[in-house]
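**Q** structure here, sequence nowhere to be found:
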């Protein structure tokens, strides 16, 4: 069997030098390159040579691109993004965002600096109606991208829009990424989210899908809600179906309920975990990078948002939003009690914390942080699985093959007194506004990691050429998309069996994992197949990536190394 030189290098990285990580990702060491522009190293040592502004006088732009773990040279390249400077609210000066304190994976791919004329630079398009957050513009600018009004421009590699028309998705591909998938309103609208989660709970009653408080759709389910409230005397919180920032929210403890527009009534969690006698919720950032195969990531840093008055408990003072609601947009108006966080965001001070600060608080006070994080990952995966089939159908109809879309979600969860994590809502296009150094610390790093993760292609002539397969296919009769059974093959035995097309699917997934920065991949991993058996759509690409996790594990074991204890997400499910 003939093996390409770059495939030999890939096998060496995986089979000889791989370190099995606890999240199921095999990581390769940095590869040294000869002089001539290509080199290894992290992003921090790259000189900032981007434009001062999009409309500046500079004629040339500089960007850094990353290659593939399967290639010796940076032939296939994606743009590396770095955290942008942000504008200080006090003196309007630009300030460098501070690095994260959470676990961050260094970029371990071949890197190359590219200088080009501004007229030949990669383009980014920000659609009509999309908020032009300063941190987004600065992140694009620092990476060397130039804005364009024409998203059909052949050099346009990123389309960042508020909404995308169905017929426009046909333009999405690996070289032009769109920031939405068709069909994600199944999570982003509160009524549709409730419907989909109820459907999964009914279909899989033993699957642990009780991740969302009881919810009624109004006005159609007013009678059922009134009956529930009469029988249980529970408090409900009313939310508009598609509003954000706390708009239109109110609490009620008894019927009748006056409903002027369609909304949901969600059971109010009356025994939340408290810190300093105040309520809080967690804002997590989730990214879906592919629908077929399904790939889901969670950011390791997030925000903890506090109410600004003491929580009274029970049904007391339901009209006091500062005590019962945690929305920043509401509590910032409580001028007497709202406290801005400190500059570092590492201390337990202020009305907003870092997620990593909450993690430290849990560990210091004997709270089960590992259990909380495991449930957060489980909630994220199950939320996406509730709409997976619809996403796949719409993606096939409007986008077709290939991987030209990604989507970010703001996932809001609440930790109960019993340490159970409950999903409150999911937000499409969460705000990346930086109103404080703490916000900038999270969101500047998040945007840079996000855009690096999803693989924004550099429009170089090299990438227009068709790349040869990683390995030439052998004559083995093994069907690569069938579920593997022990004993599992090693990488050297498995990769040659795959067609060039299936090799490309694995290459895209593995390269993405090597660009993940402060993200954790929560689906797929080595254990998610067992946890979500029956919930995941049985498609060949989903099976392929799960097989690949088993193959990496077999390769790792073949070296005689002891398998570390793997974390679990959720719990094994019994499907009916």
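**A** Sure thing, it's come through. Note that the structure is predicted; figures quoted are calculated from it, not measured. Residues are numbered from 1 along each chain as shown.
**Q** can you give me the distance of residue 522 to residue 304?
**A** In this view, residue 522 and residue 304 are 20 Å apart by C-beta to C-beta, to the nearest Å. Any C-beta I mention is one placed from the backbone N, CA and C, and that applies to glycine too.
**Q** how about residue 283?
**A** For residue 283 relative to residue 304 (C-beta to C-beta), the value is 8 Å.
**Q** who has more neighbours, these two?
**A** residue 304 (24 against 21; other C-beta atoms under 10 Å).
**Q** show me what that one is bridged to.
**A** Taking DSSP bridges as the rule, residue 304 bridges to residue 282, residue 353.
**Q** was I right about it contacting residue 350?
**A** No - if you go by C-beta atoms under 8 Å, residue 304 and residue 350 don't touch, sitting 9.8 Å apart.
**Q** so who does residue 426 touch?
**A** Shown in contact with residue 426 (C-beta atoms under 8 Å, 6 or more residues apart in numbering): 187, 188, 193, 383, 409, 410, 411, 412.
**Q** go again using 7 Å as the cut-off
**A** For residue 426, the contact set (C-beta atoms under 7 Å, 6 or more residues apart in numbering) comprises 187, 188, 193, 383, 409, 411.
**Q** surely the first one and residue 383 touch.
**A** Yes - taking C-beta atoms under 7 Å as the definition, residue 187 is a contact partner of residue 383 at 6.1 Å.
**Q** what are the buried residues along stretch 419-427?
**A** 420, 421, 422, 423, 424, 425, 426, 427 (16 or more other C-beta atoms under 10 Å).
**Q** what about the first one, distance to residue 413?
**A** Distance from residue 420 to residue 413, counting by C-beta to C-beta: 10 Å.
**Q** same check on the third one?
**A** Look at residue 422 and residue 413: by C-beta to C-beta, they are 6 Å apart.
**Q** again, but for the second one
**A** Separation of residue 421 from residue 413 (C-beta to C-beta) stands at 5 Å.
**Q** which neighbours do these two have in common?
**A** With contacts taken as C-beta under 7 Å, 6+ apart, residue 421 and residue 413 have 376, 379 as neighbours in common.
**Q** which SSE is the spatially most central residue of the chain in?
**A** With distances taken as C-alpha atoms, centre = their mean, the residue of the chain nearest its centroid is residue 287 (2.1 Å). Element membership of residue 287, judged by DSSP states H and E, is strand 280-290.
**Q** check which helices and strands the helix or strand hosting residue 360 sits against.
**A** If you go by DSSP H and E, residue 360 is part of helix 355-364. If you count contacts as 3 or more C-beta pairs under 7 Å, 6 or more residues apart in numbering; DSSP states H and E, helix 355-364 packs onto strand 303-306, helix 369-385.
**Q** in it, which residues are buried?
**A** Within helix 355-364, the residues that count as buried by 16+ other C-beta under 10 Å are 355, 356, 357, 358, 359, 360, 362.
**Q** quick one, it and helix 369-385 angle?
**A** Angle between the axes of helix 355-364 and helix 369-385 is 140 degrees (criterion: axes from the mean of the first three to the mean of the last three C-alpha atoms, to 10 degrees).
**Q** what's helix 355-364 in contact with?
**A** 101-102, 275, 282, 301-304, 345-346, 348, 369, 372.
**Q** so what sits opposite the residue nearest to the centre of the chain in the bridge?
**A** Residues in beta-bridge contact with residue 287 (DSSP bridges): residue 297, residue 408.
**Q** quick one: average pLDDT of stretch 150-164?
**A** On average, the pLDDT along stretch 150-164 is 93.
**Q** quick revisit: kindly reformat the helices and strands packed on helix 355-364 as a markdown table containing distance to residue 540.
**A** Putting those into a markdown table (distance: least, C-beta to C-beta, whole Å) gives the following:
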| stretch | distance to residue 540 |
| --- | --- |
| strand 303-306 | 38 |
| helix 369-385 | 18 |
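**Q** between the ones you listed, which one is closest to residue 78.
**A** Closest approach to residue 78 among these is made by helix 369-385 (23.5 Å; C-beta to C-beta).
**Q** now that closest one, how far from the chain's geometric center?
**A** Relative to its chain's centre, helix 369-385 lies at 13 Å (C-alpha atoms, centre = their mean, to the nearest Å).
**Q** okay, buried residues for the next helix or strand after that helix please.
**A** Using DSSP H and E, the helix or strand that follows helix 369-385 in sequence is helix 388-398. Across helix 388-398, burial judged by 16+ other C-beta under 10 Å covers 388, 390, 391, 392, 394, 395, 398.
**Q** ok, stretch 551-561 next?
**A** For stretch 551-561, the neighbour count (16+ other C-beta under 10 Å) marks 551, 552, 553, 554, 555, 556 as buried.
**Q** let me know the average pLDDT across it.
**A** If you average the pLDDT over stretch 551-561, you get 83.
**Q** same check, this time on stretch 519-526
**A** 93.
**Q** run the chain-centre distance for it.
**A** Here stretch 519-526 shows a centroid-to-chain-centroid distance of 10 Å under the convention C-alpha atoms, centre = their mean.
**Q** longest helix of this protein?
**A** When the chain is parsed with DSSP state H, its longest helix is helix 540-558.
**Q** what angle separates it from helix 388-398?
**A** Helix 540-558 and helix 388-398 meet at an angle of 120 degrees, taking the same axes, to 10 degrees as the criterion.
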